[in-house]
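# Next come a sequence and a model predicted from it.
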Amino acid sequence: MSHTDARRAVEAVWRIESARLVAALTRMVGDVGLAEEFAQDALVSALEKWPEEGVPERPGAWLTTVAKRRILDRWRRDERFQDRMVELGRQIVEHDGRAEFDAVLEEDYGDDLLKLMFVCCHPVLSTEARVALTLRMLGGLTTDEIARAFLVPETTVAQRIVRAKRTLAAKRVPFEVPLGEDRDARLASVLEVVYLVFNEGYTATSGEDLIRPELCEEAMRLGRVLAGLLPGEREVHGLLALMELHASRFRARVAPDGSPVPLADQDRSRWDRMLVTRGMRALMLSLPPDPSQPRGPYALQAAIAAEHARALAYEDTDWTVIAALYLALARETGSPVVELNRAVAVSMARGPEAALEIVDALRDSATLDGYHLLPSVRGDLLERLGRAGEAREEFERAAALTRNERERVLLADRAARVAATGPPTVALGTVVTAKDVREPEDED
């Protein structure tokens, strides 16, 4: 095997096995930073040996064995690790009366992967740190790959990850699935991280590209893993449904030149029906058994996306239902961004004048200062009301506020064309999130 082939094989295996390996090692050493260090040692060994020996039949097991040997070597010469081994042996004996070292990696006290998710998304970390650490530990992405995905310096991402590991160690965050109310709060943090990763991929905050598919794909992969580990959590299925349904539009959202395609102009035959089907299936799992029970924020957003998916043509969209769903979401979250999106749905269901009242109330409250979609939506409503001069000013303001080049060009073009006769073909669409970040809805 050539070195190039071996490297490709190692990289592929790492993407598949790294999360499970780091999770198992974290259970052993009690520190996510040290666990990754041992996993990386095993990776280096693979890069050295596989070109000569070939890829083993069970590459994941090979990496695990090498990592275990590294840990044993450290235990033999490090007093702190010797203490940890005594504690680990005590835990194993209490569990089933055995203390074999090899059993440590084979036994599953809950699910290691789920525990690692809860650790990486712990609220003691900043949002940016949680996102970076999750992509590193659970996604197997390199620091450089994370930096390129978010258009930030590699050193910035590296510092976030290092600080996150130190914080987790200093705070003695346990490697466990929390219980009771703490579990609900921590699960919300896990879902938020996956949601933010998908959002950034669906409409990039800055840069030349509207979409970063690799981030969306990673978020969906994590969502599917989470749904498999927590099949009884309705909001997990709601988030997965939301992502699958939005991702189904990828092929239709962007023109060949990279420019955004408005929702009304998208060729719906290009929507991925397999993803739509999967999203609908996940949506059903997100529904409470009693229809009178409230749905969670992710399930509500997924229901909105499902209304778009059900419409075979843009004209078939049931905006009245969508407006009602946004009202429920606004009551659930209290988010001004949700309210902005409700205004868009109201404008399509009842006309722009009714929606403008909602938008002006948001503008007067100054809760969305600096949020480019507020003047963007307001400009759309004003244009439809025939107030061309005011509409142009709003589109120009929105173009100046956005950091995404594709969105800036789209908004600048609308400002230039606002004097054209006749109403626009489509409102900007819905663009909300449950936590005052944009939802990957229809800023298309």
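Okay, I see it. Since this is a predicted model, take the numbers as computed values, not measurements. Numbering: from 1, shown residues only.

# Now the element after the helix or strand bottoming out on mean pLDDT in the chain, going C-ward?
Within the chain, confidence by mean pLDDT, DSSP states H and E is lowest for helix 101-106 among all helices and strands, at a mean of 48. Using DSSP states H and E, the helix or strand that follows helix 101-106 in sequence is helix 112-120.

# list the helices and strands that next one packs on?
Judged by 3 or more CB pairs under 8 Å, 6 or more residues apart in numbering; DSSP states H and E, the packing partners of helix 112-120 are helix 3-29, helix 32-53, helix 127-137, helix 180-202, helix 213-229. Where you see a C-beta, it was placed from the backbone N, CA and C, and this is true even at glycine.

# what bits of the stretch 1-150 of the chain have low per-residue confidence?
Flagging of the stretch 1-150 of the chain using pLDDT under 70 yields the residue ranges 1-3, 79-110.

# list the buried ones in stretch 411-419?
Counting neighbours by 16 or more other CB atoms under 10 Å, one finds that the buried residues in stretch 411-419 are Leu411, Ala412, Arg414, Ala415, Val418.

# pLDDT averaged over that stretch - what is it?
Stretch 411-419 shows a mean pLDDT of 87.

# ok, now stretch 158-174?
Regarding stretch 158-174, the rounded mean pLDDT is 93.

# So what touches it?
Stretch 158-174 is contacted by residues 31-33, 36, 119-120, 122, 124-126, 128-130, 132-133, 136, 143 when judged by CB atoms under 8 Å, 6 or more residues apart in numbering.

# Quick one, which of those residues are buried?
Members of the contacts of stretch 158-174 classed as buried by 16+ other CB under 10 Å are 31-33, 36, 119-120, 122, 125, 129-130, 132-133, 136, 143.

# just the helices and strands packed on helix 112-120: most buried one?
helix 127-137 (a mean of 24; mean count of other CB atoms under 10 Å).

# List the ones among the buried residues of stretch 411-419 that fall in helices.
Among these, the members found in helices (DSSP state H) are Leu411, Ala412, Arg414, Ala415.

# Turn these into CSV, columns for distance to Arg270.
Formatted as CSV, those follow (distance: CB to CB, whole Å):
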residue, distance to Arg270
Leu411, 24
Ala412, 26
Arg414, 24
Ala415, 29
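
# Which member of these is positioned nearest Thr205?
Distance to Thr205, by CB to CB, is smallest for Leu411 among these, at 15.1 Å.

# For that closest one, which non-adjacent residue is spatially closest?
Ala399 (3.8 Å; CB to CB, 6 or more residues apart in numbering).

# which residues does the one you found contact?
Contact analysis of Ala399 by CB under 8 Å, 6+ apart lists His372, Glu407, Arg408, Leu411, Ala412, Ala415.

# just curious, which of those is nearest to Ala388?
Nearest to Ala388 among these is Ala415, at 10.4 Å by CB to CB.

# how near is the closest residue to that closest one other than its chain neighbours to Glu208?
In space, and not counting its chain neighbours, Ala415 is closest to Phe395: 3.7 Å by CB to CB, 6+ apart. As judged by CB to CB, to the nearest Å, Phe395 and Glu208 stand 21 Å apart.

# Show me which of those two is the more surrounded one.
It is Phe395, of Phe395 and Glu208, that has more neighbours when counted by other CB atoms under 10 Å, with 26 against 10.

# quick one, what contacts the more buried one?
Pro375, Ser376, Gly379, Leu411, Ala412, Arg414, Ala415, Val418.

# Wait, the last one touches Arg384, no?
No: with contact taken as CB atoms under 8 Å, Val418 and Arg384 are classed as non-touching, separated by 10.7 Å.

# Now do the same contact list for the residue lying closest to Thr26 once chain neighbours are set aside.
Spatially, and ignoring its direct neighbours in sequence, Thr26 is nearest to Ala35 (4.0 Å; CB to CB, 6+ apart). Residues near Ala35 by CB under 8 Å, 6+ apart: Val22, Ala23, Leu25, Thr26, Met28, Val29.

# just Asp364 next, same as before
Contacts of Asp364 (CB under 8 Å, 6+ apart): none.

# ok, so what distance separates it from Arg350?
Taken as CB to CB, the span from Asp364 to Arg350 is 21 Å.

# cool, Asp73 as well?
Computed as CB to CB, the Asp73 to Arg350 distance reads 70 Å.

# now do Leu151
Taking CB to CB, one finds Leu151 at 39 Å from Arg350.

# likewise Ala399?
Here the criterion is CB to CB. By it, Ala399 lies 28 Å from Arg350.

# circling back to that earlier point, what's the closest of the helices and strands packed on helix 112-120 to Val66?
Taking these one by one with CB to CB, helix 32-53 is closest: 4.1 Å.

# got the angle between the very next helix or strand once past that closest one and helix 3-29?
Next in sequence after helix 32-53, counting helices and strands by DSSP H and E, comes helix 59-77. Computed by axes from the mean of the first three to the mean of the last three CA atoms, to 10 degrees, the angle separating helix 59-77 from helix 3-29 equals 50 degrees.

# Specify the angle between helix 59-77 and helix 32-53 in degrees.
120 degrees.

# How about exporting the one helix or strand His237 maps to as CSV, limited to the C-alpha atoms?
Assigned by DSSP H and E, His237 belongs to helix 234-247. Extracted as CSV, the C-alpha positions of helix 234-247 are listed here (Å, rounded to 0.1, in the frame of the first residue of the first chain):
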residue,chain,number,x,y,z
ARG,A,234,-39.4,13.9,20.8
GLU,A,235,-37.4,17.1,20.4
VAL,A,236,-34.4,15.1,19.1
HIS,A,237,-36.6,13.8,16.3
GLY,A,238,-38.0,17.4,15.8
LEU,A,239,-34.5,18.7,15.2
LEU,A,240,-33.7,15.9,12.9
ALA,A,241,-36.9,16.4,11.0
LEU,A,242,-36.1,20.1,10.7
MET,A,243,-32.7,19.5,9.3
GLU,A,244,-33.7,16.7,6.9
LEU,A,245,-36.6,18.8,5.4
HIS,A,246,-34.4,21.9,4.9
ALA,A,247,-31.5,19.9,3.5
